[in-house]
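Visitor: Below are the sequence and a predicted model for it; my questions follow.
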Amino acid sequence: MNPLGTPRGRTVLFTFLYFSEGAPIGFIWWALPTTLRSQGVSVEYITLLTSTLVLPWMFKFLWAPLIDLTRLQQWTLRSWIVTMQGVMGVSLLPLFLLDSWHAIFSVYPFLLIHAIAAATQDAAIDALAIATVPEQERGSLNGWMQVGMLAGRSLLGGGAEANADCLSTLRTDRNARSCHPPGWRPGVPTTAGDQISHPTTSILLPPFSQSRRTDPRHQ
């Protein structure tokens with residue numbers, strides 16, 4: 001079944017894909033600064049960190065044309081999206097080993113890679129929408145895409161932060177029922193959902209053979 005072949009399929013697919021777009025934004029733009037500040041990290045360091053991590057979204061137009069130029073029969077927009085989602089997940093794994101948020105700059109290169117992959121994924125998803133969605137559907141579909149985007153931001157931003165607070169409270173209260181596994185690290189609550197959200201959206205993408213247009217340009 002090719003979800004790009006029907007209006008309902010496209011609605012479901014791009015809603016989930018835009019959820020995947022909103023997830024890293026909620027984590028990097030909302031949850032991460034809030035968590036760092038609550039742990040006593042200085043505003044100056046937080047500003048330096050987050051201001052550089054948002055740069056890939058500002059300058060993704062510089063490498064976005066490569067997504068179109070490198071589209072081949074065996075390397076489609078699906079290839080870009082799935083690959084970037086994999087990079088996003090792997091790049092957050094070091095946060096599971098982080099013992100203190102004060103050591104956040106030790107994993108900064110991985111966060112930057114995550115941001116670059118997220119921005120590149122955004123460009124590939126938008127290219128897929130332009131290539132597959134008929135013009136008469138784009139207005140209504142854009143509304144559902146924004147629903148997915150805001151849901152991703154909220155759940156992986158405020159939702160992840162609330163979950164982190166819950167886990168932190170239970171961790172320090174020996175009389176409370178534990179809701180975290182042994183070896184819990186401060187990076188786990190805000191990264192777990194972010195990593196899970198990406199591969200699930202890839203499942204909805206059609207196979208490579210179905211993700212090509214009938215004209216010479218490939219999806």
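Guide: Nice, I can see it.
Visitor: Need the per-residue pLDDT for the residue nearest in space to the middle of the chain.
Guide: Centroid-nearest residue in the chain, with C-alpha atoms, centre = their mean: Pro24, separated by 3.7 Å. pLDDT recorded at Pro24 is 86.
Visitor: how deep is Leu112 tucked in, by neighbour count?
Guide: By the criterion of other C-beta atoms under 10 Å, Leu112 has 16 neighbours. C-betas here are computed from N, CA, C, even on glycine.
Visitor: Check which helices and strands the helix or strand containing it is in contact with.
Guide: Using DSSP states H and E, Leu112 sits in helix 108-132. Helices and strands touching helix 108-132, by 3 or more C-beta pairs under 8 Å, 6 or more residues apart in numbering; DSSP states H and E, are helix 7-25, helix 43-53, helix 55-59, helix 64-69, helix 77-91, helix 135-154.
Visitor: Pull out the buried positions in that helix.
Guide: 111-129, 131-132 (16 or more other C-beta atoms under 10 Å).
Visitor: repeat for stretch 4-12
Guide: When burial is assessed from 16+ other C-beta under 10 Å, stretch 4-12 yields the following buried residues: 4, 10-11.
Visitor: Lowest-confidence entry in these?
Guide: For these, the pLDDT minimum is Leu4, 83.
Visitor: and the gap between that one and Ile67?
Guide: Leu4 sits 17 Å away from Ile67, going by C-beta to C-beta, to the nearest Å.
Visitor: likewise Gln121?
Guide: From Gln121 over to Ile67 (counting by C-beta to C-beta), the distance is 10 Å.
Visitor: list the residues that contact both of the two?
Guide: Residues within reach of Gln121 and of Ile67 at once, by C-beta atoms under 8 Å, 6 or more residues apart in numbering, are Trp80.
Visitor: Please save the CA atoms from stretch 96-103 in CSV.
Guide: Coordinates of each C-alpha in stretch 96-103 appear next as CSV, following Å, rounded to 0.1, in the frame of the first residue of the first chain:
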residue,chain,number,x,y,z
PHE,A,96,22.2,8.3,27.9
LEU,A,97,25.7,8.3,29.3
LEU,A,98,25.6,11.9,30.6
ASP,A,99,25.9,12.0,34.4
SER,A,100,25.2,15.7,34.8
TRP,A,101,23.7,18.4,32.6
HIS,A,102,26.7,20.6,33.5
ALA,A,103,28.7,18.3,31.2
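Visitor: Now do the buried residues in that stretch.
Guide: Neighbour-count burial for stretch 96-103, with 16+ other C-beta under 10 Å as criterion, is recorded at 98, 101.
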